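J.: Here you go, sequence then predicted model.
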Amino acid sequence: MAHSAENNQDIYYVPHEGSLWPAIAIVGMFGTTVGASMMMNESSLGAPLMYAGIAVLLFMFYGWIKQVAGESMSGLYNKRMDLSFRWSMGWFIFSEVMFFAAFFGALWYARAISIPFIGGEGNNLATNLFLWDGWEAHWPTNGPAEWGGIFQTVAPWGEWGHGFKEWFNHSLPLVNTMILLTSGVTLEWAHHRLLQGKNGRAAIMLGVTSALGVWFLYLQASEYAHAYADLNLTLESGIYGSTFYMLTGFHGMHVTLGTIMLIVITIRTAMGHFSKEQHFGFEGVAWYWHFVDVVWLGLFIFVYIL
Amino acid sequence: MSHAEAHDHHHGPEPGFMRWLKTTNHKDLGALYLMFSLAMFIVGGLMSLVIRAELFTPGMQFVDPQFFNSMTTMHALFMIFGGVMPAFTGLSNYLIPIQLGAPDMALPRINNMGFWILPIAFGMLLSTLFMEGGAPAGGWTLYPPLSMQTGDAMPFLVFSIHLMGISSITGAINVIVTILNLRAPGMDLMKMPLFCWTWLITAFLLIAVMPVLAGAVTMLLTDKYFGTTFFAAAGGGDPVMFQHIFWFFGHPEVYIMILPAFGVVSQIIPTFARKTLFGYSSMVYATAAIALASVIVWAHHMFAVGLPVAAELFFMFAAKMISVPTGVKVFNWVATMWRGSMTFETPMLFSLGFVILFTIGGFSGLMLAMTPVDFQYHDSYFVVAHFHYVLVPGAVFSLFAAVYYWLPKWTGTMYNEKLGKLHFWLSTIFINVLFFPQHFLGLAGMPRRIPDYSLQFAEFNFMSSVGAFAFFITQFIFLYNLITTCRGKWEKATDQVWEGAKGVEWEMLPSPLPYHTFEQQPDLSDYEPHPTH
Amino acid sequence: MSSAFMSRTGALMSKLAIAASLGMVSQAATAEYALNMPVGVTEISREVYDLHMLVFYVCCVIGAVVFGAMIYSIIAHRKSKGAKAANFHHSTVVEIVWTAIPFVILMALALPAAKTLVKMENTRGAEMSIKVTGYQWKWQYEYIDEDVSFYSTLSQDSNFARQKNSGVDLESVDNYLLDVDNPLVVPTDTKIRLLLTAADVIHAWWVPDFAVKKDAIPGYINETWMQIDEPGTYRGQCAELCGRDNGFMPVDVIAKEPAEYQKWLAEQKGETASVATEQNVALAQ
Ligand code: HEA
Ligand code: HEA
Ligand code: CUA
Ligand SMILES: [Cu+2]
């Protein structure tokens, strides 16, 4: 038992008194999911229940994080705890990657397999001949039944030469790519400042990062509005609309969450919650944000450009 | 040290329901998981009895065909997501921290959340039985377009699966982080008991595939309620696409249900053979190989959907190859018994039953993997026989073995050995009466998921149903033994419990285990659980 | 509980008792209780049967070796017999051997399987084609280029008997649940291509005697083929869960000598128009 003394110097914090936050989380999840289900079944009770559930979830996030932040700052957490958080965040992000993978998989499957099959490729000549006679495989498409009617896609960028504003309005995906890439840089900038112990500067860069997130969301929303209003590109535009909106939509939800978390750590940084040595709260959010960034790059390439 | 002492003689658990609701203690949560799983096994078992009652004789006697399909679907969902998976998570909670000398699971509050999600998820799922349009009846595989015909139950089904996914992922993250980060000093990875290894690898699989299932069911939901066309050809989608995504989850899922079972058996056999596990490191590599291979074989469930020949060939070869590392495991178990000094207490009996009956199930799996022949087997009772052999005398037997093995350690009371043996023998006999004839039914051409059948299938269905009821009733012996042991009715257990048992929990800790095991992590540098050379 | 149920139960019990006393594998028993896959009536089905038996015997041999070693060890190496535990715990050579041997066995199984598979998937050179469409819950058969088309549903008798507690003695129904009103009629010794699709949900067309099972998927067409050697009636069932009446949409195929088949086809052509409209009316309701 030679090393044990030195190892026991710091104890891995285990809450002995239990916690009610998980139970509150579960009440929130229950309300949200049951509410949403009832909404889909057209019950008028659904919406209020769902919103109540979401409110409980928000309250839970606030309270739970506050408690953990408090424990962290009062020195209950040792290096191992920090490492636990890192591993956990890493694997959590991996699970998110796999969630997106399902939708990217759907996109690739449609483009590489189902659309060509309907067009008669491979051993599917009969499919085309008997069921979808005369339909030729192409992309983008809303399928042989022209689901949702004729639509146009959102171009990744517009043409230059009609003035900046015109270009800008037709280049939202490209602009958004630049916004997110920039936000990745500002976030790292903030991290460096934090590592130098300059919390004030770090908070400013975090503020900039959050603002970029909000801007991204605003542009994404206007892109959706434009697509619905002018391009007839909707969630119901066949497989193109399905994959387009589900991928960008779930990404947008993640950006929303990421932005909220950024705002939270901006405030926490400003309040001096983080030190040079201990700022996992910051880093976890940063990882998440970079992940959201990378997913967007995948989207930009596979949804918009190709 | 002073800090440690402050926590040391901490209050025990507070009494009442609040204790269980708030608890972050891994043993409490392990027990909760196990009790929950027991309840779900009973519910799922009752559903299977509805199935078997209707199939007792030809003709429709008890239920409507639609309700029959609901029973099939719900039976599978309850058994898989409510029974087997939470049971293994419960074991992981109970065992991993004590086997590795960790203070608790790495994220105790998340651990609590992971458990308490389950009752609401299954509550939601169970409530669909009373909804307009009935409970989901499209099979546990939820294939569209059929699953799209689900009534009001649809969103409840989808969201309950999301919740189960969240629960599994949080549980898996906890396992990984506990194992990678909280081992006691000196507990090297290659010293870990195999249960920890198999769970580590299972946890990776869970994190990789549960989100994919969540994605798949989300697409079902949007196809039904929001006009997307992922799975409709008219809009450019493909019903088969769902099957690809589902089985990308579904095949690894079956290994998620069996790898921890391998871990349990790999610990029990050496104890009762009084001999070191043969080929420890090849066991570890074989487990990893199975897990890796399991993500590239999914389409062996889809040979009949009309894949291109090249794909069929690939998936046939890949699926067969899984037999190689699985075989390594079986051979290692046999080699462990070889020239051992064996005794046959209940956990050992269930483990031996596991090895033989799981292998039989593996053989039928290998037969199914022969693509041209699978056109005959597919969607027949041969498949039903296959997977019940790997799941019931496989996964469920390993759970029985585990409970008998560790229960004295948990409760400090030895279970009743006579009843345990009786439970084993009756279970083994009846499980074979229940599922063996299903091989014949499948080969003779009886499709699965049908509520009624033509007369040539009558005899074997009758046998199977008799076996089902007898097997179910047999489980009350287990239940009685379990409850009385928890209440301390039988002899006190010693600390080591089993003569041949090796490992932290047996050699260093008392029975019953204290509420908090390791405030201070033990130093295990000199501890040699098994010789490496 | 209905008395029909009780009497059926009683009859089954006595049959089972007889089966047990004869031994399940005896000739008499196998005739009544099919234990194995049918050999079938196509070249493919015979190859499939052989592959099935091959992999089965391979499993039996491996099983005998593994279980044999295990059971020997259970008997010989038990503590109560005074066995002392040896302390070997690994052997690289042995482990390599028992990784390599299964690998080789699997390859040896996979190669002939691959050969048969390629043959099964080769629909080229078919002499005639039939489009098969699955509906909830019936089949539609369209003879391509022949202008013959009809629906095939569970026979009236079975459909009546299968209603809950119908009280009908199932033994009195011909081929309970396996007969249809309009069976598919095909010629023997002809390579017939099936074009499978569905109108609502996925179904699967399965006739064990042809070793043909293929999903019928809405929006897509799957191809498969068969060439039947012997005239006769062959029965199968829908083999993909397709909702409430999945268990009640059998597949019936009558194979006739080519000449007879042509006669049948000519008759159908006379009738087909009326049959088709009748069916369409029925469908519309
Ligand atoms: C715990 C669960 C579990 C496990 C471990 C397995 C293990 C295997 N399964 Fe199984 N399977 C299921 C659960 C499981 N399966 C379920 C639930 C379904 C149906 C799902 C549904 O449709 O609802 C299914 C269906 C299923 C199918 C699809 C059938 C169909 O629908 O047409 C196939 C096809 O290839 C298959 C193959 C295999 C193989 C090759 C293995 C292998 O891993 C087996 C390996 C083991 C051995 C082979 C035995 C031991 C080895 C030796 C002693 C070595 C020497 C052996 C040889 C060289 C032969 N399984
Ligand atoms: C783990 C999974 C699991 C388990 C345990 C079982 C157990 C049983 N299953 Fe089933 N079954 C499936 C998974 C499982 N099944 C799946 C995936 C399907 C396919 C569904 C589909 O087609 O969509 C299926 C389908 C299925 C069918 C085919 C239905 C059809 O095609 O229409 C039938 C028919 O006989 C059947 C019967 C039974 C019976 C009689 C049992 C009996 O063994 C049940 C008896 C009771 C128990 C086994 C409980 C014992 C356990 C305990 C007492 C608890 C121990 C607890 C701890 C140690 C904590 N099952
Ligand atoms: Cu049609 Cu099953
Ligand atoms: Cu599989």
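T.: That came in fine, so what should we check first? Numbering: from 1, shown residues only, chains lettered A, B, ... in the order given. Ligands and ions are numbered 1, 2, ... in the order given.
J.: From here on, just use CA atoms for contacts and neighbour counts.
T.: Fine.
J.: which SS state does the residue of the stretch 101-250 of chain B found nearest ligand 2 fall under?
T.: When distances are taken as C-alpha to the nearest ligand atom, the stretch 101-250 of chain B reaches nearest to ligand 2 at B:G139, 3.5 Å away. Going by DSSP: H, G, I helix; E, B strand; the rest coil, the secondary structure assigned to B:G139 is coil.
J.: Spit out the contact partners of the residue in the stretch 101-250 of chain C positioned nearest to ligand 2.
T.: Per C-alpha to the nearest ligand atom, the residue of the stretch 101-250 of chain C with the smallest distance to ligand 2 is C:L241, at 8.3 Å. Contacts here follow C-alpha atoms under 8 Å, 6 or more residues apart in numbering or on different chains; on that basis C:L241 touches B:138-139, B:449, C:202-203.
J.: that older thread, and the gap between the residue of the stretch 101-250 of chain B closest to ligand 2 and B:K421?
T.: According to C-alpha to C-alpha, to the nearest Å, B:G139 and B:K421 sit 36 Å apart.
J.: out of the two, which sits in the more crowded spot?
T.: Using other C-alpha atoms under 10 Å in any protein chain shown, the more surrounded residue of B:G139 and B:K421 is B:G139, with 22 against 17.
J.: Would you check that the more buried one makes contact with B:T73?
T.: Yes - with contacts counted by C-alpha atoms under 8 Å, B:G139 reaches B:T73, the gap being 4.4 Å.
J.: Nearest to ligand 2: which residue in chain A?
T.: A:A102 (22.1 Å).
J.: Test my guess that that residue contacts B:M210.
T.: No - under the criterion of C-alpha under 8 Å, A:A102 lies out of contact with B:M210, with a separation of 10.5 Å.
J.: In terms of neighbours, single out the busier of the two.
T.: Taking A:A102 and B:M210 together and counting by other C-alpha under 10 Å, B:M210 has the greater number of neighbours (27 against 24).
J.: quick one: the helix or strand containing that one near chain C?
T.: Under the criterion DSSP states H and E, the helix or strand holding B:M210 is helix B:194-225. No - among the residues of helix B:194-225, none lie within reach of chain C under C-alpha under 8 Å from any C-alpha of the partner chain; the closest is 14.1 Å away.
J.: Next, the angle helix B:194-225 makes with the helix or strand that that helix is followed by.
T.: Remark: after helix B:194-225, the chain's next helix or strand is helix B:239-256, criterion DSSP H and E. If you take axes from the mean of the first three to the mean of the last three C-alpha atoms, to 10 degrees, helix B:239-256 sits at 160 degrees to helix B:194-225.
J.: Let me know whether helix B:239-256 sits next to ligand 1.
T.: Yes - applying C-alpha under 6 Å from any ligand atom, one finds helix B:239-256 in contact with ligand 1 at B:254-255.
J.: what distance separates that helix from the centre of its chain?
T.: Between the centre of helix B:239-256 and the centre of its host chain there is 17 Å, according to C-alpha atoms, centre = their mean, to the nearest Å.
J.: in the strand or helix carrying C:K119, what's buried?
T.: Element membership of C:K119, judged by DSSP H and E, is helix C:92-120. Within helix C:92-120, the residues that count as buried by 16 or more other C-alpha atoms under 10 Å in any protein chain shown are C:95, C:98-99, C:102-103, C:106, C:109-110, C:113-114, C:116-117, C:120.
J.: In terms of distance to ligand 1, which of the residues you listed ranks first?
T.: In terms of C-alpha to the nearest ligand atom, no member of the buried residues of helix C:92-120 lies closer to ligand 1 than C:P102, at 3.7 Å.
J.: For the closest one, which non-adjacent residue is closest in space?
T.: Nearest residue to C:P102, sequence neighbours excluded (C-alpha to C-alpha, 6 or more residues apart in numbering or on different chains): B:V324, at 6.0 Å.
J.: In terms of secondary structure, what does the helix or strand harbouring the one you found contact?
T.: When secondary structure is defined by DSSP H and E, B:V324 falls within helix B:323-337. Applying 3 or more C-alpha pairs under 8 Å, 6 or more residues apart in numbering or on different chains; DSSP states H and E, we find helix B:323-337 packed against helix B:259-273, helix B:280-294, helix B:346-368, helix C:43-76, helix C:92-120.
J.: Kindly reformat those as TSV containing distance to ligand 2.
T.: TSV is the format used below for the helices and strands packed on helix B:323-337 (distance: least, C-alpha to the nearest ligand atom, whole Å):
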stretch	distance to ligand 2
helix B:259-273	11
helix B:280-294	17
helix B:346-368	12
helix C:43-76	22
helix C:92-120	26
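J.: As JSON lines, those helices with distance to A:L219 would be great.
T.: Putting those into JSON lines (distance: least, C-alpha to C-alpha, whole Å) gives the following:
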{"stretch": "helix B:259-273", "distance to A:L219": "47"}
{"stretch": "helix B:280-294", "distance to A:L219": "41"}
{"stretch": "helix B:346-368", "distance to A:L219": "52"}
{"stretch": "helix C:43-76", "distance to A:L219": "60"}
{"stretch": "helix C:92-120", "distance to A:L219": "53"}
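J.: Out of those helices, the one nearest A:Y228 is which?
T.: Using C-alpha to C-alpha as the measure, helix B:280-294 is the one of the helices and strands packed on helix B:323-337 that comes nearest A:Y228, at 41.8 Å.
J.: tell me the average confidence for the helix holding C:K119?
T.: If you average the pLDDT over helix C:92-120, you get 94.
J.: which secondary structure elements does that helix contact?
T.: helix B:309-321, helix B:323-337, helix B:371-377, helix C:43-76.
J.: next helix or strand past it?
T.: For helix C:92-120, the succeeding helix or strand toward the C-terminus, using DSSP H and E, is strand C:128-135.
J.: Show me where the stretch 51-200 of chain A has its strands.
T.: With DSSP state E, counting those that start in this stretch applied, the stretch 51-200 of chain A shows no strands anywhere along its length.
J.: Residues of it that sit close to chain C?
T.: Listed as neighbours of chain C in the stretch 51-200 of chain A under the rule C-alpha under 8 Å from any C-alpha: A:118, A:124, A:126-127, A:131.
J.: Can you check those and name whichever has the most neighbours?
T.: When neighbours are counted as other C-alpha under 10 Å, the busiest of those turns out to be A:I118, with 30 neighbours.
J.: how about the residue nearest to it when sequence neighbours are not counted, what does it touch?
T.: Leaving out its chain neighbours, the residue that sits closest to A:I118 by C-alpha to C-alpha, 6+ apart is A:N128, at 5.6 Å. With contacts defined as C-alpha under 8 Å, 6+ apart, A:N128 is in contact with A:117-120, A:134-135.
J.: which of these lies closest to A:M50?
T.: For A:M50, the nearest member of those is A:I118. The distance, counting by C-alpha to C-alpha, is 39.8 Å.
J.: List the contacts of the residue nearest to B:S351 when sequence neighbours are not counted.
T.: Once its chain neighbours are removed from consideration, B:S351 has its nearest residue in B:V265; the separation is 5.7 Å (C-alpha to C-alpha, 6+ apart). By C-alpha under 8 Å, 6+ apart, the residues touching B:V265 are B:351, B:398, B:401.
J.: Next, count neighbours for the first one.
T.: In other words, B:S351. Other residues near B:S351 number 29, with proximity taken as other C-alpha under 10 Å.
J.: how near is it to B:V403?
T.: Counting by C-alpha to C-alpha, the separation of B:S351 from B:V403 is 12 Å.
J.: And the one helix or strand A:A225 maps to, what does it pack against?
T.: Applying DSSP H and E as the criterion places A:A225 in helix A:199-226. Packing partners of helix A:199-226 (3+ C-alpha pairs under 8 Å, 6+ apart): helix A:172-195, helix A:238-270.
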